[in-house]
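1. pasting the sequence and the predicted coordinates here, then a few questions.
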Amino acid sequence: MFLDLNKLCCRRAGRLVFHDLSFRVEAGQAAALRGPNGVGKSTLLRQLAGLIPVAGGEARLGDVSLVRDRQGFQEQVAYAGHLDAVKPALSIGENLTLWAEIHGNDAARAEAALERFGLDIIATRPAAQCSAGQKRRLGLARLLVANRPLWLLDEPTVSLDADAAALVADLVREHIAAGGMALIATHVELGLGDIPTLEMTPPKADAHHQDDPFLAGSWT
Amino acid sequence: MRAIVSLLGRDLRLALRLGGGGGIGIAFFVLTVILIPLGVGPETATLARIAGGVLWIAALLAALLSLDRIFQADFEDGSLDQLMLSPLALEQVVLAKCIAHWLTTGLPMALIAPVLGVMLQLPESALPALIIGMALGTPALSLIGAIGAAITVGVRRGGLLLSILVLPLYIPTLILGARAVEQALLDLSPWPALGLLAALTLFSAALAPFAAAAALRINTR
């Protein structure tokens, strides 16, 4: 298993976000995704989660192609974005148990994940009372009930305390030790040591890459 | 299958808990119908004649009231992204959400409708047509509504736009539902109208999950 990006392009509303992105993550490897704000890190992760269409190029996970078999690709991916998908009206335990069941796991799996994130003692509390950090922990705990080989993490340590940030690093290390992969967009040091880094840079405003005649400047 | 049941259970719990808005549609339905005799006057003949239409119009509006919650909350808190990555097909997710919406609006309305019908002086002979019609027709309201809800999911204050999109599509359900009651009132068979109502529900059940899922995929880009 490996993740291979080959000249991947992304376009949103006619604007080119990035183009010709090539990168490779092997099984048992975590990679960092870095770059200035607005360069398209989150967009790339959403694209690899199959939520944004591929404008050109190819992404493959083993022999599954994102372009040709999006459903199959999505079934290998766990995505933790900026939104934690926490329902305030449900308790913390109910929130995670639901996702465990949707992913075909039982409640015991959810309990173990809650314990790992230190949420087990407050599992019966309504999620509406969670702090931002607790919500983020709950969002990340979903990774543990989904058993997917590729983790796509979008700034996972935001609003986490130092202990929880170290825990995230531990979990990523365990995940890759078990043969998994992780692609992590971040601005901070994750504590994962020297891992391969995909450095994203803004695309040059280039008429060649613009489909939209107005954005390409042909109206002037 | 277990995953769908879990999702359905979650949506029901969310609708019934505080802020879910499950009971609000029903309360709106009851209040609207109660207002009619106050506005139209208490004459038995007039009320009985308009009862079927009034109940159905109130049901459409009450269903509309809670439609925007079908996908909006999940879209805003990121649950929709996670559901798209889940082993469930998005079409199954849509169907589960439609069933949850129907169980919390359409079904209770079908159960309360005979009581309100009696209040509107609807003769006993017309009540079965009302109950069966509501039970057969209200799933179509949830299903057709889900398409509109999926299209407007990213729009701020999309509820108004949703009404404008969806209300015209509710016309066949309204005509057939009210027609069944009227036929029963005139001692004619309501079954042709009820049969067509069931056909309408089946047609929307076949179409809505695919249409709504396609709209959701575009809106989460």
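-> Yep, that arrived.
2. can you give me the pLDDT of whichever residue of chain B sits closest to chain A?
-> Residue of chain B nearest chain A, by Cβ to the nearest Cβ: residue B:78 (2.6 Å). (Glycine included, C-beta is placed from N, CA and C.) According to the prediction, residue B:78 has pLDDT 92.
3. residues touching it, list them.
-> Contacts for residue B:78 (Cβ atoms under 8 Å, 6 or more residues apart in numbering or on different chains) come out as A:81-85, A:139.
4. find me the pLDDT at residue 145, would you?
-> Since no chain was named, I'll use chain A. Confidence at residue A:145, expressed as pLDDT, is 93.
5. not quite, go with chain B.
-> The model reports residue B:145 with a pLDDT of 96.
6. low pLDDT regions in chain B?
-> B:18-20 (pLDDT under 70).
7. residues of it that sit close to chain A?
-> For chain B, the contact set with chain A under Cβ under 8 Å from any Cβ of the partner chain comprises B:2-3, B:6-7, B:10, B:13-14, B:17-20, B:73, B:76-79, B:81-89, B:220-221.
8. and those, which are buried?
-> Neighbour-count burial (16 or more other Cβ atoms under 10 Å in any protein chain shown) applied to the residues of chain B next to chain A gives B:3, B:6-7, B:10, B:13-14, B:20, B:73, B:77-79, B:81-86, B:88, B:220.
9. helices - which of those residues land there?
-> Per DSSP state H, helices hold the following members of these: B:3, B:6-7, B:10, B:13-14, B:73, B:79, B:81-85.
10. neighbour count, pLDDT and distance to residue B:95 for the contacts of residue B:78 - can I get that in JSON lines?
-> Shown next, in JSON lines, are the contacts of residue B:78 (neighbours: other Cβ atoms under 10 Å in any protein chain shown; pLDDT from 0 to 100; distance: Cβ to Cβ, whole Å):
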{"residue": "A:81", "neighbour count": "21", "pLDDT": "90", "distance to residue B:95": "25"}
{"residue": "A:82", "neighbour count": "11", "pLDDT": "91", "distance to residue B:95": "28"}
{"residue": "A:83", "neighbour count": "17", "pLDDT": "92", "distance to residue B:95": "24"}
{"residue": "A:84", "neighbour count": "24", "pLDDT": "91", "distance to residue B:95": "26"}
{"residue": "A:85", "neighbour count": "21", "pLDDT": "92", "distance to residue B:95": "20"}
{"residue": "A:139", "neighbour count": "23", "pLDDT": "94", "distance to residue B:95": "26"}
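11. next step: those restricted to helices.
-> Members of the contacts of residue B:78 lying in helices (criterion: DSSP H): residue A:139.
12. now, among the contacts of residue B:78, which is nearest to chain B?
-> Using Cβ to the nearest Cβ, residue A:83 comes nearest to chain B of these, at 2.6 Å.
13. which phi and psi values does the closest one adopt?
-> Per-residue torsions, residue A:83: phi -90, psi 140 (degrees, to the nearest 10).
14. with adjacent residues omitted, what lies nearest to it?
-> Closest residue to residue A:83 apart from its sequence neighbours, by Cβ to Cβ, 6 or more residues apart in numbering or on different chains: residue B:78 at 2.6 Å.
15. center of chain A, which residue is that?
-> For chain A, the residue nearest the mean C-alpha position is residue A:152 (2.4 Å; Cα atoms, centre = their mean).
16. helices of chain A, start to end?
-> Under DSSP H, chain A gives helices at A:41-48, A:70-74, A:92-102, A:107-116, A:132-145, A:162-177.
17. and those: which comes nearest residue B:115?
-> Distance to residue B:115, taken as Cβ to Cβ, is lowest for helix A:92-102 among these, at 34.1 Å.
18. show me what stretch B:45-53 is in contact with.
-> With Cβ under 8 Å, 6+ apart as the test, stretch B:45-53 has contacts from B:36-37, B:40, B:117, B:120-123, B:126, B:130, B:174, B:177-182, B:185.
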